[in-house]
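Novice: sequence unavailable; structure follows:
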Ligand SMILES: NC(=O)c1ccc[n+]([C@@H]2O[C@H](COP(=O)([O-])OP(=O)(O)OC[C@H]3O[C@@H](n4cnc5c(N)ncnc54)[C@H](OP(=O)(O)O)[C@@H]3O)[C@@H](O)[C@H]2O)c1
């Protein structure tokens, strides 16, 4: 069997040095790393580029972000995590003005920069205008990061569900992220940016009492891929699909315990787990069109 170095040299001689290196990297990583060192002198001379020297992760310091529904719960943690990475954050809210202001104050106390911005995302005109208003409030000429986090979640058993329930969930959970994404993508300009949608790991398992919610989130999951394709290469579009992270308000302990019984990792996740996935997707320059489940394995059944 050929060694990594031999395969590298052979492929380089065929005129595809970089392609062969990538392949070898996947196939026999340890052997290939050795091969690069040896092959560098023998062939292309650009082996440094194929050797791990420094992370390609983007530096987010000074970037401008909008986090919808950033006043409370997961959105508040995502906003603070971005701010801790040096991002200037517009913390959007609808009803939770006081909570959003408290998030802004916490960011300022930690040395970061943030502002609040209000909008009702059930309204198309407000959703379309929000990214521009967020950039203005930050004093930024552009937007670099959009996190579509705001959401309506409530049980809607089929014998009780109304057309208004359906519309509320489609408007806030699916149409608003779409309209915000289009407006944000324009503000990302030539240099581009990243959009991150908060989806839901549960969309892979039908819940009979949550059909409109799950359909809206399944739509958002699909939209993530479609927009990633449509907005490439300028704008990356990704998603995070949380599982049980924070119980919905008003659920009882028995329901919470049942939820966790079905999670392979046997515990609730932490909002920071979700924020870490958002940060990864914001920083990863070669990742688009993916949705990362952060669900303790819940989707595995
Ligand atoms: N919590 C979990 O364990 C979990 C699990 C799976 C998926 N997720 C997803 O992760 C995201 C965050 O979850 P969460 O539990 O923190 O969310 P949440 O508390 O259910 O909602 C987040 C925010 O959405 C905003 N919102 C609702 N309707 C709005 C409207 N018409 N206009 C503007 N904003 C509106 C609310 O802002 P105001 O308070 O300012 O009105 C609310 O605070 C959501 O997209 C959710 O679907 C969460």
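Specialist: Now that the structure is in, tell me what you want to look at. In this text the structure is predicted, and so the values were computed from the model without any measurement.

Novice: show me which strand runs longest in the protein.
Specialist: For the chain, the longest strand by residue count, based on DSSP state E, is strand 235-242.

Novice: and it, which residues are buried?
Specialist: 235-242 (16 or more other Cβ atoms under 10 Å). C-betas here are computed from N, CA, C, even on glycine.

Novice: for that strand, packing partners?
Specialist: On a contact count with 3 or more Cβ pairs under 8 Å, 6 or more residues apart in numbering; DSSP states H and E, strand 235-242 meets strand 193-198, helix 211-231, helix 271-283, strand 291-294.

Novice: quick one on the thing from earlier: intersect the buried residues of strand 235-242 with the contacts of the ligand.
Specialist: residue 242 (Cβ under 6 Å from any ligand atom).

Novice: I'd like to know which of the helices and strands packed on strand 235-242 is closest to residue 163.
Specialist: helix 211-231 (9.7 Å; Cβ to Cβ).

Novice: just to revisit the earlier point, what lines up beside the longest strand of the chain in the sheet?
Specialist: Using DSSP bridges, the strands paired with strand 235-242 are strand 193-198 (parallel), strand 291-294 (parallel).

Novice: which one of these is the most hemmed in?
Specialist: When neighbours are counted by mean count of other Cβ atoms under 10 Å, the highest per-stretch mean among these falls to strand 193-198, a mean of 27.

Novice: which positions in the stretch 1-150 of the chain make contact with the ligand?
Specialist: Residues of the stretch 1-150 of the chain found near the ligand (Cβ under 6 Å from any ligand atom) are 69, 71-75, 93-96, 120-122, 149-150.

Novice: from those, which land in strands?
Specialist: Of the positions in those, residue 93 sit in strands, assigned by DSSP E.

Novice: which of the residues of the stretch 1-150 of the chain next to the ligand are buried, as a ChimeraX select command?
Specialist: Selecting only the buried entries of those in ChimeraX, with 16+ other Cβ under 10 Å as the criterion:
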select :69,71,72,73,74,75,93,94,96,121,122,149,150
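
Novice: out of the residues of the stretch 1-150 of the chain next to the ligand, who's nearest residue 290?
Specialist: Within those, distances to residue 290 taken as Cβ to Cβ reach their minimum at residue 149, with 17.4 Å.

Novice: next one, pLDDT for the closest one please.
Specialist: pLDDT for residue 149: 99.

Novice: again with residue 100
Specialist: 98.

Novice: could you pull out the strands for the stretch 1-150 of the chain?
Specialist: For the stretch 1-150 of the chain, strands defined by DSSP state E, counting those that start in this stretch occupy the ranges 64-67, 88-93, 114-118, 145-148.
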